[in-house]
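Undergrad: Below is the sequence, then the predicted model.
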Amino acid sequence: MQDLMKFAPYLLMFVVLYFFMIRPQQKRAKNEKEFESGLKVGDKIITKSGFHGKIVELAETSAVIETMSGKLKIERSAISMEMSAASVKKA
């Protein structure tokens, strides 16, 4: 019993870390993966580096977007879920 009481603060600290840091990060990663798989041609997006464009082509891991200055080939992971969703709500 004494041994268990010695480790109780560490166990409590791990539980708090899990619910406040690890679990939300896993949930966010799952949402981003669903967002990436749900992209389709014609969607207006914003990349994480700030480029605005419309998806013209989709491959398994990359996408071609059309911007005002031409076409760019980018990785799907470079598309920002938050900024793209915010631009859709604004428009």
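TA: Received, thanks.
Undergrad: In contact with Lys30: list those residues for me.
TA: Residues counted as contacts of Lys30 (Cβ atoms under 8 Å, 6 or more residues apart in numbering): none. Backbone N, C-alpha and C define where each C-beta goes, glycine included.
Undergrad: That one belongs to a helix, doesn't it?
TA: Yes - counting by DSSP: H, G, I helix; E, B strand; the rest coil, Lys30 is part of a helix.
Undergrad: ok, now how distant is it from Met5?
TA: The gap separating Lys30 from Met5 is 37 Å, by Cβ to Cβ, to the nearest Å.
Undergrad: got it, and Ala29?
TA: According to Cβ to Cβ, Ala29 stands 36 Å off from Met5.
Undergrad: do the same with Met83
TA: With Cβ to Cβ as the criterion, Met83 and Met5 are 48 Å apart.
Undergrad: So between those two, which is more surrounded?
TA: The neighbour comparison of Met83 against Met5 (other Cβ atoms under 10 Å) goes to Met83, with 15 against 8.
Undergrad: residue ranges of the strands in the chain, please?
TA: Assignment of strands within the chain using DSSP state E yields the ranges 44-46, 52-58, 62-67, 70-75.
Undergrad: Please point out which parts of the shortest one sit buried.
TA: Of the residues in strand 44-46, those scored as buried under the neighbour-count criterion (16 or more other Cβ atoms under 10 Å) are Ile45, Ile46.
Undergrad: bridging residues for the residue nearest to Asp43 when sequence neighbours are not counted?
TA: Nearest residue to Asp43, sequence neighbours excluded (Cβ to Cβ, 6 or more residues apart in numbering): Ile55, at 4.9 Å. Using DSSP bridges, the bridge partners assigned to Ile55 are Ile65.
Undergrad: ok, how many other residues are close to Ser62?
TA: Ser62 is flanked by 13 other residues according to other Cβ under 10 Å.
Undergrad: now it: how far from Tyr10?
TA: Taken as Cβ to Cβ, the span from Ser62 to Tyr10 is 44 Å.
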